[in-house]
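> Need coordinates for the following:
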Amino acid sequence: MGKKIIGPFSQLLSFVDTPLKGALTDQQMTIREYAGILVEDGIIVIIDNYDDLISKHGDQAEIRFMEGDKVCLPGYIDCHTHIAFAGNRANDFALRNAGASYLEIAQAGGGIWSTVLHTRAASEKELTDNIINFSKDLLAQGITTIEVKSGYGLSVKEELKILRAIKKAQQSVAVDLIPTCLAAHMKPKDFAGSAVDYLNEIASELFPILKAENLCNRIDAFIEQSAFSADDIEDYFIKAQKMGFDITVHADQFSTSGSKVAVRFNAVSADHLEASTDAEITLLATSNTVAVALPGASIGIGCAFTPARKLLDQGACLAIATDWKPRVSPNGTVNDPSDHFSYC
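Next up, the predicted model:
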């Protein structure tokens, strides 16, 4: 690919000197004026004054001149999405507007299970096309890295279909897709055994295939009253880590316990945290687990927001993501509003 100089940019924000944890001040944001970037084999190697880059490297590099005033900053990362799905949950949205709670909607046949049925009925190609289209919507908003969860298959066969669709979609989009296995989204209603029986089946039958086909490196679980308990998930995460998977957790959305599990397993992230109290905030702030706020879910469900300011002030590493799914988080370019509303 060789060397390439891109610029000049009126302003360039690199975040090189920005701390990963705790609240940020304006003084910690380093903005370079009239800057350029030297790229070698697709990797940024130098950020410097544009004229200095041209003087030192111009005779060895392709020049990509940027006309007019341009601002350069890193692409956004959407670290929590559920864009691998089919169908919609417009009926859930109507029930929510009528005052029904999350659990009431789930008990009425809506919620996650409704999307599971739609997604199981879709072909792998349909799912691939959906992921591609949603990824392009996000890219148009400056998002260049997208975490994509499975979790609407809830069987070995159907989870594989979703994760294979994510892998195929990666070939057709100019973003980085980070696949995550969320087979532990809830115990499927058509599974005859217990929650632990289901998790054991997924761990023993699905995990080896994920490794063999290189479908993902991350295992997620929804720890909540309507999904899996902290005790249920213990052995599941132990097995995942023994096989080399990273852990991430849907935690503290309606009740606490998930963030404790996330920290105990040194999870990459604990996501949602709308129900987190001071005890969970302190626990996360003193860990290496990233706290992920999902304000779109709070708006869609009508529940509390993640205590983001408290997490930052306590010294936590905080990220904000869309939680784009088929029912509660209103994100993306809305062609069909029901396509852009979701919750877990």
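> Pull up the distance across stretch 8-20, start to finish.
28 Å (C-alpha to C-alpha, to the nearest Å).
> average pLDDT across it?
In this model, stretch 8-20 has a mean pLDDT of 90.
> Residues in contact with it: which ones?
24, 28-37, 47, 50-51, 65-66, 69-74, 317 (C-beta atoms under 8 Å, 6 or more residues apart in numbering). The way it works is simple: take the backbone N, C-alpha and C, and place the C-beta from them, glycine included.
> what does stretch 230-243 give?
184, 195-196, 199-200, 202-203, 207-208, 211, 219, 221, 223, 228, 247, 257-258, 260-261, 265.
> change it to 10 Å
Residues from elsewhere that reach stretch 230-243 (C-beta atoms under 10 Å, 6 or more residues apart in numbering): 181, 183-184, 187, 194-196, 198-200, 202-204, 207-208, 210-211, 218-223, 227-228, 245-247, 249, 251, 256-258, 260-262, 264-267.
> Could you do stretch 32-42 as well?
1-14, 16, 44-54, 56-58, 60-66, 72.
> on that earlier part again, strands - which of the contacts of stretch 230-243 land there?
Among these, the ones falling in strands (DSSP state E) are Cys181, Ala183, Ala184, Arg218, Ile219, Asp220, Ala221, Phe222, Asp246, Ile247, Val249, Ala251.
> From the contacts of stretch 32-42, keep the buried residues only.
4-10, 12-14, 47-48, 50, 53-54, 57, 61, 72 (16 or more other C-beta atoms under 10 Å).
> I'd like the distance from stretch 6-20 to the chain centre, please.
Relative to the centre of its chain, stretch 6-20 is centred 24 Å away, using C-alpha atoms, centre = their mean, to the nearest Å.
> cool, and stretch 47-66?
Going by C-alpha atoms, centre = their mean, where stretch 47-66 is centred and where its chain is centred differ by 35 Å.
> Can you list the neighbours in contact with it?
1-10, 12, 14, 16, 30, 32-40, 45-46, 72.
> And it, end to end?
Start-to-end, stretch 47-66 (C-alpha to C-alpha) is 15 Å.
> Separate out the buried members of the contacts of stretch 230-243.
For those, buried by 16+ other C-beta under 10 Å: 181, 183-184, 187, 195-196, 198-199, 202-203, 207, 210, 218-223, 227-228, 245-247, 249, 251, 256-258, 260-262, 265, 267.
> Tell me which residue lies nearest the centroid of the protein.
His80 (1.8 Å; C-alpha atoms, centre = their mean).
> unless I'm mixing things up, it is touching Ala251, no?
No: checked against C-beta atoms under 10 Å, the pair His80 and Ala251 is beyond contact range at 11.5 Å.
> What does the pLDDT read for Thr286?
Confidence score, pLDDT, at Thr286: 97.
> residues contacting it?
By C-beta under 10 Å, 6+ apart, the neighbours of Thr286 are Val263, Gln314, Gly315, Ala316.
> which one among the residues you listed gets closest to Cys303?
Nearest to Cys303, judged by C-beta to C-beta, of the contacts of Thr286 is Ala316 at 20.2 Å.
> now that closest one, nearest residue through space, not along the chain?
Ala285 (4.1 Å; C-beta to C-beta, 6 or more residues apart in numbering).
> give the contact list for that neighbour.
Counted by C-beta under 10 Å, 6+ apart, Ala285 has contacts Lys21, Gly22, Ala291, Lys310, Leu311, Leu312, Asp313, Gln314, Gly315, Ala316, Cys317, Leu318.
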